[in-house]
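Participant: Next one to model:
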Amino acid sequence: MTIPFIDLKTQQARIRSEVEKGFAKVLDHGIYIMGPEVAELEEQLQNYCGVKHAISCSSGTDALVLPLMALEIGRGDAVFVPSFTFTASAEAIALVGATPVFVDVDPVSFNIDLQSLKAAIEKVKKEKVLTARAIMPVDLFGLPASYEELNQLADEQGLLVLSDAAQSFSAEDADQKVGGLTHVTATSFFPAKPLGCYGDGGAVFTNDDLLAEKIKSVRVHGRGTSKYDNIRIGMNARLDTMQAVVLIEKLKILEDELQKRQQVANNYAQLLGNMVIAPKVAIGKKSAWAQYTISSPKRDKIAQVLKEKNIPAQIYYEKPIHKQTAYKDGLVSPSGLAVTEELSKTLISLPMHPYLEEDVQQQIAEAVKSAVL
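Facilitator: Below is the predicted model:
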């Protein structure tokens, strides 16, 4: 039996007939980019997240770039971001000409560490070479960062918070969905995400009316009143209508899938016991469980045993961004990135999706146990 790391096939079977009906409607009306389904999706996303504006776009990376451009963050500006994340987070900062300043993460939540962040902000402000402009926390593996503390720190320091919620769409903190936890939030609809389309896609969320209008303008070449009235530098970052059709149907089953993901996470925790360090979710928070990531000093042995048993697993992130060639000369927090570098040696993600059966989980857990005993 082949065990999928993420089971999109079973999910597709569940919604395929309705998706095909939606595709047929698009073929009939012929508006393949920014068609009526896109507006319908954006309204549903706003209602789901409890925010005033949901602005769809062409990818999760573009969802980060759009607000940076709209906020006119660029050359000479510093944006603080964890090194323990996917390259797109820092890449978006670099693409607008700003400088990513890498900070460490918390050893339990794997999200941005407040003390490391404070040290980095203090260093940038003291040196006065760059202007501190924004914080980009990343909600790793589906768990929201500590936004109450981050928002307070940002207010004290005169900074903006741009949340990279590529992995955490549908997660919650204090009954507020991701999207409404800070000033502006970006997410990804890459197929493997908790809410994913059948290609690339993303969205930006905010309650700021003026910022929303600027983002919508940047999304279409900096457009003003018409296609020949471009009032700012922009880009082509529109969402295809076909992808909106897929997302509308997936949004209908998202809450049910989230409950199933939580049950899978609960099962893993029970099956694995204290054999490894299991992920922890603080009281008041809900994870989207984009990944189920465990920690063990025997990580490489676990990976080897799983491979031998044809069980898929992923290592995130064995080479943190600050160690990658493109960012080797980047700035790092003066307190160092010790946790980031340790986690890159100990974390491994197991199969996680709403359709993972208990007997398969039992098989995965037994393989993990055999590797650590």
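Participant: In space, what's closest to V108 - neighbours in sequence excluded?
Facilitator: Excluding the flanking residues, the one nearest V108 by CB to CB, 6 or more residues apart in numbering is K280, at 5.8 Å. C-betas here are computed from N, CA, C, even on glycine.
Participant: repeat for V218
Facilitator: G234 (4.3 Å).
Participant: my guess is that neighbour meets K214, correct?
Facilitator: No. Applying CB atoms under 8 Å as the test, G234 and K214 come out as separate, 9.6 Å apart.
Participant: gap between the host helix or strand of L254 and the chain center?
Facilitator: Take DSSP states H and E as the rule and L254 turns out to sit in helix 241-272. On the basis of CA atoms, centre = their mean, to the nearest Å, helix 241-272 is displaced by 15 Å from the centre of the chain it belongs to.
Participant: Show me what it is packed up against.
Facilitator: Judged by 3 or more CB pairs under 8 Å, 6 or more residues apart in numbering; DSSP states H and E, helix 241-272 is in contact with helix 8-29, helix 36-49, strand 292-295, helix 358-372.
Participant: Please report how far I233 lies from M352.
Facilitator: I233 sits 40 Å away from M352, going by CB to CB, to the nearest Å.
Participant: ok, these two, which is more surrounded?
Facilitator: In this view I233 and M352 are compared by other CB atoms under 10 Å, and M352 has more residues nearby, 22 against 12.
Participant: can you pull out the strands in this structure?
Facilitator: Chain-ordered strands for the chain, with DSSP state E as the definition, fall at 53-57, 77-82, 99-103, 131-135, 160-164, 172-173, 176-177, 184-188, 202-206, 285-286, 292-295, 331-332, 347-350.
Participant: re the thing from before, count of neighbours near the residue nearest to V218?
Facilitator: With other CB under 10 Å as criterion, G234 counts 20.
Participant: Below-threshold pLDDT in this protein: ranges please.
Facilitator: Regions of the chain meeting the criterion pLDDT under 70 cover residues 1.
Participant: residues touching the most centrally placed residue in the chain, list them.
Facilitator: Nearest to the geometric centre of the chain sits A166, at 1.7 Å (CA atoms, centre = their mean). By CB atoms under 8 Å, 6 or more residues apart in numbering, the contact list for A166 reads 60, 63, 86, 88, 138-139, 186-188, 190, 193, 202.
Participant: ok, and the closest non-adjacent residue to it?
Facilitator: The shortest distance from A166 to any non-neighbouring residue, by CB to CB, 6+ apart, is to S188 (3.8 Å).
Participant: Check the helices and strands packed on helix 241-272 for me and report the most buried one.
Facilitator: By mean neighbour count, with neighbours taken as mean count of other CB atoms under 10 Å, strand 292-295 ranks first of those at a mean of 22.
Participant: CA atoms only for that strand, dumped as PDB, please.
Facilitator: Extracted C-alpha coordinates of strand 292-295, given in PDB (Å, rounded to 0.1, in the frame of the first residue of the first chain):
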ATOM      1  CA  TYR A 292       2.600  17.100  11.800                       C
ATOM      2  CA  THR A 293       6.200  17.700  12.900                       C
ATOM      3  CA  ILE A 294       8.000  15.800  15.600                       C
ATOM      4  CA  SER A 295      11.400  16.400  17.100                       C
END
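Participant: do you know which of the strands of the chain lies nearest Q243?
Facilitator: Q243 sits nearest to strand 53-57 of all the strands of the chain, at 8.5 Å, using CB to CB.
Participant: The closest one pairs with which strands, parallel or anti?
Facilitator: strand 202-206 (antiparallel) (DSSP bridges).
Participant: Other residues contacting the strand it pairs with?
Facilitator: Under CB under 8 Å, 6+ apart, the answer for strand 202-206 is 42, 45-46, 49, 51-63, 66-67, 166, 179-180, 183-189, 212, 215, 239.
Participant: List only buried entries from those residues.
Facilitator: Buried by 16 or more other CB atoms under 10 Å: 42, 45-46, 49, 51, 53-63, 66-67, 166, 179-180, 183-189, 212, 215, 239, out of the contacts of strand 202-206.
Participant: related to what we said a few turns ago, please spell out which residues along the helix holding L254 are buried.
Facilitator: So helix 241-272, judged by 16+ other CB under 10 Å, has buried residues 241-251, 254, 257-258, 260-262, 264-265, 267-268, 271-272.
Participant: Then stretch 138-150?
Facilitator: For stretch 138-150, the neighbour count (16+ other CB under 10 Å) marks 138-147, 150 as buried.
Participant: which of the residues you listed lies closest to E122?
Facilitator: For the buried residues of stretch 138-150, the nearest to E122 is L150 (15.8 Å; CB to CB).
Participant: what separates the closest one from S217, distance-wise?
Facilitator: L150 sits 27 Å away from S217, going by CB to CB.
Participant: OK, contacts around G284?
Facilitator: Contacts of G284 by CB under 8 Å, 6+ apart are 173-174.
Participant: How many residues are close by G224?
Facilitator: Neighbour count of G224, defined by other CB under 10 Å: 11.
Participant: how is the chain carved up into domains?
Facilitator: Under the assignment automatic domain parsing, the domains of the chain span 8-248, 254-372.
Participant: Just give me the neighbour total for A338.
Facilitator: For A338, using other CB under 10 Å, the count is 11.
Participant: OK, contacts around the closest residue to it other than its chain neighbours?
Facilitator: Spatially, and ignoring its direct neighbours in sequence, A338 is nearest to D104 (6.8 Å; CB to CB, 6+ apart). By CB under 8 Å, 6+ apart, the residues touching D104 are 82-84, 113, 116, 333, 335-340.
Participant: And the nearest residue to S170 once chain neighbours are set aside, how far from I112?
Facilitator: Using CB to CB, 6+ apart and skipping the chain neighbours, the partner closest in space to S170 is A288 (4.8 Å). Here the criterion is CB to CB. By it, A288 lies 17 Å from I112.
Participant: so how many other residues sit close to L350?
Facilitator: 26.
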